[in-house]
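> let me see the structure of the following:
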Amino acid sequence: IKLKGEKKINNTTKRYEGVNVKFGVNDAGEAVAIKLDRSTRPNIRIHGGSGSGKTVLLKTIIGNLNAEYGNSDIDIFMIDASIGGGYRDYVAPKGGEWKIRFYNYANPMVASCMDVFDYLTAMAEYRVKSLSLYGVEDIESWNEMFPEQFRSVVIIIDEYQRFFGTSSEKSFCNMVNTIASVGYDVDMHIIMASQSDKGTKIGLNETARDSFELNICLKCYDELTSTSTVGVPDAMNLKIGEGFFVQRDSREPVHFKVNPEDEVKNTIVINNMAIVMSDEERAAMQEMMKQMVASSKFVGDETVEDK
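Below you'll find the predicted structure:
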């Protein structure tokens, strides 16, 4: 069984160098970024009130990932639970070459998020089992043995808080808990944004709550959200499009600005970044997930024969 993108490509070896996430500019006008690799925790958390610039920030991240990696080394899953549908203008017509998969929780015509969460959990477990079967320690070692076998995966979730108290809650928490535990080994990362962290202490385990290498807070409207995210209440006083970020093991929040919306939109539209998943693709994804969980045959088998 093979996932789309998880296959041998040419005869070149992709060195695992982590995922470089650029998310804005500092007060000196310099780009700010964080690299997620085996030396870091796998995930990023973003909070900010309505209209604070979360959607623009996520579009910035998507556009920068695409500009740096294209469609060769990375798979991006964009899961939108926002009611406003702020990503609709960023979805290219069907039929083009896709660079991200886009799922809208509010639209019954596309894949349900429960299916997507289960699929991504199965993908993480599949990679872990593949590494274990061949006695391979991590993605870097795997890629040395099996060229371009596993690509980086970035899962971007807008308004994750909306999944608590829904039929998708169990699948969402299971995915986050799983990737929090093994993401740095299997090169899978979650960037999750919402207005606050309400519900996370109930639904997510301790490993997941401690899995964020970077915490970002844009303008918010209560001290608790600001303090719980970046350690200070000052995010309440920010202007729209501004934020603080704190990296793991750092106590000092750093001020930054989100890239302008027009600049971000041009990057995404020009690169034809996303198409909405069709009903046929959804059915194929569900079938692949079932086979992946049930099968004892791993993707490495065929590659070993090739070698």
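> show me what contacts residue 249?
With C-beta atoms under 8 Å, 6 or more residues apart in numbering as the criterion, no residue contacts residue 249. (C-beta placed from N, C-alpha, C; glycine too.)
> now do the SS call for it.
Judged by DSSP: H, G, I helix; E, B strand; the rest coil, the three-state class of residue 249 is coil.
> could you report the distance from it to residue 32?
Plainly put, residue 249 is 17 Å away from residue 32 if you go by C-beta to C-beta, to the nearest Å.
> after the longest helix along the chain, which helix or strand is next?
Ranked by residue count under DSSP state H, the longest helix found in the chain is helix 113-133. On the C-terminal side of helix 113-133, the closest following helix or strand by DSSP states H and E is helix 139-145.
> other SSEs contacting that next one?
helix 113-133 (3 or more C-beta pairs under 8 Å, 6 or more residues apart in numbering; DSSP states H and E).
> how about the helix it packs on: buried residues?
For helix 113-133, burial by neighbour count (16 or more other C-beta atoms under 10 Å) applies to 113-124, 126-127, 130-131.
> out of those, who's nearest residue 177?
Of all the buried residues of helix 113-133, the one sitting nearest residue 177 is residue 121; the distance, using C-beta to C-beta, is 8.8 Å.
> can you give me the neighbour number for residue 28?
6 (other C-beta atoms under 10 Å).
> give me phi/psi at it?
phi -90, psi 0 (degrees, to the nearest 10).
> contacts only, for residue 189.
Residues counted as contacts of residue 189 (C-beta under 8 Å, 6+ apart) are 19, 36, 42, 43, 44, 152, 153, 154, 155, 179, 183.
> and which of those is nearest residue 82?
For the contacts of residue 189, the nearest to residue 82 is residue 155 (15.8 Å; C-beta to C-beta).
> for the longest helix of the chain, packing partners?
strand 74-80, helix 139-145, strand 152-158, helix 169-186, strand 188-194, helix 279-294.
> make it 7 Å
strand 74-80, helix 169-186, helix 279-294 (3 or more C-beta pairs under 7 Å, 6 or more residues apart in numbering; DSSP states H and E).
> can you give me the strands for the stretch 1-150 of the chain?
Ranges of strands in the stretch 1-150 of the chain, per DSSP state E, counting those that start in this stretch, are 19-26, 31-36, 43-47, 74-80, 100-104.
> and among the ones you listed, the most buried is which?
strand 43-47 (a mean of 25; mean count of other C-beta atoms under 10 Å).
> what angle do that strand and strand 152-158 make?
Relative orientation of strand 43-47 versus strand 152-158 (axes from the mean of the first three to the mean of the last three C-alpha atoms, to 10 degrees): 20 degrees.
> show me what the mean pLDDT comes to for strand 43-47.
Strand 43-47 carries an average pLDDT of 95.
> give the residue spans of the stretch 1-150 of the chain that score low on pLDDT.
1-16, 70-72, 83-112, 147-149 (pLDDT under 70).
> ok, now how distant is residue 155 from residue 187?
Applying C-beta to C-beta to residue 155 and residue 187 gives a distance of 12 Å.
> repeat that for residue 68.
15 Å.
> check residue 218 too.
28 Å.
> could you do residue 63 as well?
Distance from residue 63 to residue 187, by C-beta to C-beta: 21 Å.
> nearest to residue 59, of the contacts of residue 189?
residue 154 (13.6 Å).
> one step back: same list (the strands of the stretch 1-150 of the chain) but as JSON lines, adding distance to residue 53.
Shown next, in JSON lines, are these (distance: least, C-beta to C-beta, whole Å):
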{"stretch": "strand 19-26", "distance to residue 53": "9"}
{"stretch": "strand 31-36", "distance to residue 53": "14"}
{"stretch": "strand 43-47", "distance to residue 53": "10"}
{"stretch": "strand 74-80", "distance to residue 53": "16"}
{"stretch": "strand 100-104", "distance to residue 53": "20"}
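> which among the ones you listed is found nearest to residue 159?
Among the strands of the stretch 1-150 of the chain, strand 74-80 comes nearest to residue 159, with 7.5 Å by C-beta to C-beta.
> neighbouring strands - and their directions - for the closest one?
strand 100-104 (parallel), strand 152-158 (parallel) (DSSP bridges).
> which one of the strands of the stretch 1-150 of the chain lies closest to residue 225?
Closest to residue 225 of those is strand 43-47 (C-beta to C-beta; 5.4 Å).
> what does the closest one contact?
21, 54, 57, 180, 183, 189-197, 211-217, 220, 225, 229 (C-beta atoms under 7 Å, 6 or more residues apart in numbering).
> filter the residues you listed down to the buried ones, ChimeraX style.
Of these, the buried ones go into a single ChimeraX selection, burial set by 16+ other C-beta under 10 Å:
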select :21,54,57,180,183,189,190,191,192,193,194,195,196,197,211,212,213,214,215,216,217,220,225,229
